[in-house]
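for reference, the sequence and a predicted model appear below.
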Amino acid sequence: MPMGQLTQVLRDLDPSSDPRLIVGPQTVDDAGVVVLGERDGLPAGAEIALVQTVDYFPPVLDDAYLYGAVAAANSLSDVYAMGGRPISALNLAGFPKGFKEEWISDIFRGGFEKIAEAGAVVAGGHTVEAPEPQFGFAVTGVVDRAHLADNAGAKPGDVLYLTKSLGMGSMTTAGKFRKAPEAAVRAAAEQMATLNNRAAEAMNSAGSHACTDITGFGLNGHASNIARSSGVTMRFDLSAVPIFPGARDLAAKGVVSGGVKRGKSALAGQVQVAQGLDQALVDITYDAETSGGLLIVLPEAHAAKLEDELASRDVAVHRIGEVLPREGDSLVQLV
């Protein structure tokens, strides 16, 4: 988009009010500059590591503001999944020629306000002309190395918790084709826009072996990444997996995203499904999620502590499975 138009959008948003941001988007500098505090909120003696991630995607919602907020929450989630906290973000955006400035402003405002809610600052970004809208962020955070939760730490005997309901693939697809009430799609959007910060705080307090957020690869895809990296098998009790209201009925009618077909193809022979399970629920475990919850892996001995920490932060508590020794080619089991 033209520089003057972008400058006006950014001026209206005023993203540079945070005192940590000493060079930001307002001055159209070559780079953003953010002041880091001593240990930046981490405990004394912490071995500080940077967490860096990037994500962006086309609209999943009709509401421009919520689209921006969900895109930001989705980008921030990767930092939380590593046990970290976000510090700064760079915006990535693309819009078609002639795209309404009002919509652009609402998308940016939704994204910038969500970054601020996370306690981070937008230090700059890059905007290009694109065939369809694209929006997201590159996020930098910090983590105490002692609390780093990666994909390689799961151990047999660990238990599995999920902090948000599945079914966003069905809900966003239903919204796109007007197959669900507006109120239901709005409720799904609000879940997607909810940060995983409180879940990450609870996880860090309880102590975990591994973690991932459930996004584009779906529950089975992201769980298989942990299983493969850790040399284990992840077993889920399908009846315990939280499903967003209305999503199961939509999936039963074939209202799912393309993630189901892609997931089944990519994970062929690696996911074992017990006989007699509800096929609609099985499909949802393959489907792509947007800004999903954290899949937390931790020792059984830490489970009660995690449940207390989640409940005290008003985060849903869903124990959905366990970690087994690797069983042949099976990375994930649904029972």
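Perfect, I can see it now. Numbers count the residues shown, from 1 in each chain.

tally of neighbours for residue 254?
11 (other CB atoms under 10 Å). (Glycine included, C-beta is placed from N, CA and C.)

what segments of the stretch 1-150 of the chain are strands?
Secondary structure of the stretch 1-150 of the chain (DSSP state E, counting those that start in this stretch): strands at 21-23, 33-34, 48-57, 85-95, 121-129, 134-144.

looking at the ones you listed, spot the one closest to residue 222.
Nearest to residue 222 among those is strand 48-57; the distance by CB to CB comes to 13.6 Å.

contact partners of the closest one?
39-40, 42, 71, 74-75, 78-79, 82, 84, 92-93, 134-145, 148, 215, 290 (CB atoms under 8 Å, 6 or more residues apart in numbering).

neighbouring strands - and their directions - for that strand?
Strands flanking strand 48-57 in the sheet, each with its direction: strand 134-144 (antiparallel) (DSSP bridges).

next SSE downstream of the strand it pairs with?
Downstream of strand 134-144, the next assigned helix or strand under DSSP states H and E is strand 159-162.

pLDDT at residue 33, what is it?
Looking at residue 33, its pLDDT is 76.

what's the helix or strand for the spatially most central residue of the chain?
With distances taken as CA atoms, centre = their mean, the chain has residue 291 as the residue nearest its mean C-alpha position (3.4 Å). Per DSSP H and E: residue 291 is located in neither a helix nor a strand.

I'd assumed residue 70 was in contact with it.
Yes. At 5.4 Å, residue 291 counts as touching residue 70 under the criterion of CB atoms under 8 Å.

one step back: and the residue nearest to the centre of the chain, what is it in contact with?
Contacts of residue 291 (CB under 8 Å, 6+ apart): 70, 73-74, 77, 168, 191-194, 215.

possible to save the residues you listed as CSV with distance to residue 320 and pLDDT?
Shown next, in CSV, are these (distance: CB to CB, whole Å; pLDDT from 0 to 100):
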residue, distance to residue 320, pLDDT
70, 23, 98
73, 22, 98
74, 21, 98
77, 18, 97
168, 16, 98
191, 17, 98
192, 19, 98
193, 23, 98
194, 19, 98
215, 17, 97
